[in-house]
Each structure stands twice: as C-alpha cells, then as structure tokens.
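Engineer: Coordinates only, no sequence provided:
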C-alpha cells in the first residue's frame, strides 16, 4: 500500500495489510482512500484483487474500486473521471 499519499482519515498497519478508517464520517470530505504501490498491468485482459471487510462501522458506508494515479484520495471511487466502483 502507498502510505506516502494516504489520507488523514486512515490508519495503516505496519505490515501494510490492514487499513482502518479513523474519521468521524460527518461530511462528504471526511473520507479516506488508499492506493496500491503496484498498478494493475495495462496489458492484462483480466485483473483480480481481493479484500476482506472486517468491520463496516456504524453506517456501513464502504466503497472500493479502481482508479488512476491522479485520483483524489478524498473522494470515493466512481464519482470522479477514470475511476470505477
């Protein structure tokens, strides 16, 4: 996981295998997104990734998807151009 550009509302475990949302979820800018250090291969017709949601929180608002390297990490995927949820 790319821990350099991580949003302030996320806490990343030292092993970089777990991410926890630590914001309050009070407004649309109180959002956290993280990206991988390794992009999907461009010449790959099919790409697979897997994640496990351990705790969806009180409101259960979770989005995951794919985006390019310029995607703003304070927005959920699917709301901006070149992102897919």
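Structural biologist: Right, received. Where do you want to start? None of the values given here were measured: they were computed from a predicted structure. Residues are numbered from 1 along each chain as shown.
Engineer: This protein: strands as residue ranges?
Structural biologist: 10-12, 19-21, 66-67, 83-84 (DSSP state E).
Engineer: Quick one: closest of those to residue 46.
Structural biologist: Nearest to residue 46, of all the strands of the chain, is strand 66-67, at 12.8 Å by CB to CB. C-beta here means a position set from N, CA and C on the backbone, and glycine is covered the same way.
Engineer: who does the closest one pair up with?
Structural biologist: strand 83-84 (antiparallel) (DSSP bridges).
Engineer: What's the local residue count around residue 77?
Structural biologist: Neighbours of residue 77 under the rule other CB atoms under 10 Å: 17.
Engineer: shouldn't it be in contact with residue 35?
Structural biologist: No - using CB atoms under 8 Å, residue 77 is not in contact with residue 35, being 9.9 Å away.
Engineer: overlap in contacts of these two?
Structural biologist: Common contacts of residue 77 and residue 35 (CB atoms under 8 Å, 6 or more residues apart in numbering): 67, 71.
Engineer: Dump the strands of the chain into JSON lines; add mean pLDDT as well.
Structural biologist: Shown next, in JSON lines, are the strands of the chain (pLDDT from 0 to 100):
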{"stretch": "strand 10-12", "mean pLDDT": "88"}
{"stretch": "strand 19-21", "mean pLDDT": "88"}
{"stretch": "strand 66-67", "mean pLDDT": "87"}
{"stretch": "strand 83-84", "mean pLDDT": "88"}
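Engineer: Go through the ones you listed and name the closest to residue 60.
Structural biologist: Using CB to CB, the nearest of the strands of the chain to residue 60 is strand 19-21, at 11.6 Å.
Engineer: Okay, buried residues for that closest one please.
Structural biologist: 19, 21 (16 or more other CB atoms under 10 Å).
Engineer: next one: stretch 15-30
Structural biologist: 19, 21.
Engineer: Same question for stretch 78-85.
Structural biologist: residue 83.
Engineer: Residues touching it, excluding its own?
Structural biologist: By CB under 8 Å, 6+ apart, stretch 78-85 touches 63-68, 70-72, 75-77.
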